[in-house]
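[1] The sequence isn't on hand, but the structure is:
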């Protein structure tokens, strides 16, 4: 269940400093929900070592993003938990197929993820 602000009551966040700036990682018990430039409505985890169903996802996301920014990995394995319309999920699925360093125009992507006809 999502609240009117798009956050699940069980979501938590973690503040992470990266070469791109400070980001806020958000996860739920089902997986990593996103990285944001501004803090979200979710409560902050006190530590990535504390117990709970959300912490493993926050911890893994922070570890993998740290490795990415250090040039040590281009592959992410953290479980994902994205909410959105069926069309949004289809677009995200198509975006996930784009290889590291590749550029794909919206024109090329759009036929594979066309919005539903009214």
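    Thanks, I have the structure now. Keep in mind the model is a prediction, meaning the values are calculated, not measured.

[2] what distance separates the worst-scoring helix or strand of the chain on mean pLDDT from the middle of the whole chain?
    Least confident element among the helices and strands of the chain, by mean pLDDT, DSSP states H and E: helix 106-109 (a mean of 80). Put simply, helix 106-109 sits 22 Å off its chain's centre (Cα atoms, centre = their mean, to the nearest Å).

[3] helices or strands up against that helix?
    For helix 106-109, the packing partners by 3 or more Cβ pairs under 8 Å, 6 or more residues apart in numbering; DSSP states H and E come out as helix 86-96. Quick note: C-beta positions are derived from backbone N, CA and C, even for glycine.

[4] Who are the packing partners of the helix it packs on?
    Counting contacts by 3+ Cβ pairs under 8 Å, 6+ apart, helix 86-96 packs against helix 106-109.

[5] Quick check: buried residues in the helix it packs on?
    Neighbour counts over helix 106-109 (16 or more other Cβ atoms under 10 Å) mark no residue as buried.

[6] what residues does that helix touch?
    91, 94, 95 (Cβ atoms under 8 Å, 6 or more residues apart in numbering).

[7] Now do the SS call for residue 76.
    coil (DSSP: H, G, I helix; E, B strand; the rest coil).

[8] Test my guess that it contacts residue 64.
    Yes: Residue 76 is within contact range of residue 64, at 5.1 Å (criterion: Cβ atoms under 8 Å).
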